[in-house]
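>>> Coordinates for the following, if possible.
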Amino acid sequence: MAGTRNRNAAADVLPTADAQPTPPSRTDEHFRSLAESQLPRLYGIARRLVGDDAEDAVQDALVNAYRAYARLEHAAAGPAWLTSILVNVCRDRRRALARRPEEISVGTIDDFSLFRKIADEDPFPYSDSLHLDFLARFDRDDVRAVLRGLPELYRVPLVLVHADGFATKEVARILDAPLGTVLARLHRGRKLFERRMWEYAEENGLLEEGAS
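The predicted model follows:
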């Protein structure tokens, strides 16, 4: 069933030969093969970056990629190349919804420790594994909600490294940013993610007895 859904989704989002001119140095079959093989991964990234707009974002990214496919020099670079295009599309969609990115104080981020916060607050006084019990209160939808609430500056590298498995050097190339900048954003993004997890747990009653 999953394979059928993926094939159907690919048919829905892949541009047809009638929609755009055929790239001069690549066949439509080559592009379709690349896109279909990467489609589930691209949807996963888009879902974490733009939520319910994921399908539209992936479709836009594939159309953009199809138009530029002739400029892809090495087939092995195809997955990272598609990811880069998708990240840019998601950025554009997010910027259309907000006039300026959310500004977060670096000091505010670095001062927070989820490990220390859980130990200090002791939300599960009869537990021998406080931190594991805290994390067990979050299901996938909760984690996605926290992740989507992060500023794009931090959310994108976190998704690419920790959810999609890209190396930090690859992420630096995808985002066209210095490696040191990406490392700093990852560090601050992880700290901010921890703080937002605690806030989310408080706001949604995950610290209450019997919550799951």
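>>> Just the C-alphas of the helix or strand hosting residue 42, formatted as PDB.
Assessed by DSSP states H and E, residue 42 sits inside helix 28-50. Taking C-alpha atoms only, helix 28-50 is exported to PDB below (Å, rounded to 0.1, in the frame of the first residue of the first chain):
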ATOM      1  CA  ASP A  28      12.300  12.900 -18.600                       C
ATOM      2  CA  GLU A  29      12.800   9.300 -17.500                       C
ATOM      3  CA  HIS A  30      16.000  10.200 -15.600                       C
ATOM      4  CA  PHE A  31      14.300  13.100 -13.800                       C
ATOM      5  CA  ARG A  32      11.200  11.000 -13.000                       C
ATOM      6  CA  SER A  33      13.400   8.200 -11.500                       C
ATOM      7  CA  LEU A  34      15.300  10.700  -9.300                       C
ATOM      8  CA  ALA A  35      12.100  12.500  -8.200                       C
ATOM      9  CA  GLU A  36      10.200   9.300  -7.400                       C
ATOM     10  CA  SER A  37      13.100   7.900  -5.400                       C
ATOM     11  CA  GLN A  38      13.400  11.000  -3.300                       C
ATOM     12  CA  LEU A  39       9.700  11.900  -3.000                       C
ATOM     13  CA  PRO A  40       9.000  10.300   0.400                       C
ATOM     14  CA  ARG A  41      12.100  12.000   1.900                       C
ATOM     15  CA  LEU A  42      11.200  15.300   0.400                       C
ATOM     16  CA  TYR A  43       7.700  15.100   1.800                       C
ATOM     17  CA  GLY A  44       9.100  14.300   5.200                       C
ATOM     18  CA  ILE A  45      11.400  17.400   5.100                       C
ATOM     19  CA  ALA A  46       8.600  19.700   3.800                       C
ATOM     20  CA  ARG A  47       6.200  18.400   6.400                       C
ATOM     21  CA  ARG A  48       8.500  19.400   9.200                       C
ATOM     22  CA  LEU A  49       9.300  22.800   7.600                       C
ATOM     23  CA  VAL A  50       5.900  24.000   6.400                       C
END
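>>> so what does that helix touch, helix or strand wise?
helix 2-13, helix 54-68, helix 78-97, helix 140-148, helix 152-158 (3 or more C-beta pairs under 8 Å, 6 or more residues apart in numbering; DSSP states H and E). (C-beta placed from N, C-alpha, C; glycine too.)
>>> can you do 6 Å?
Applying 3 or more C-beta pairs under 6 Å, 6 or more residues apart in numbering; DSSP states H and E, one finds that helix 28-50 makes contact with helix 2-13, helix 54-68, helix 78-97.
>>> Rounded mean pLDDT for the last one, please.
When the per-residue pLDDT values of helix 78-97 are averaged, the result is 87.
>>> Only the buried residues of that helix, if you could.
78-79, 81-91, 93-94 (16 or more other C-beta atoms under 10 Å).
>>> what angle sits between that helix and helix 28-50?
Between helix 78-97 and helix 28-50, the angle comes out at 40 degrees (axes from the mean of the first three to the mean of the last three C-alpha atoms, to 10 degrees).
>>> how far off helix 140-148 does helix 78-97 point, in degrees?
Using the same axes, to 10 degrees: helix 78-97 against helix 140-148 is 70 degrees.
>>> what about the protein, any weak spots by pLDDT?
Applying pLDDT under 70 to the chain picks out residues 1-27, 96-110, 125-128, 209-212.
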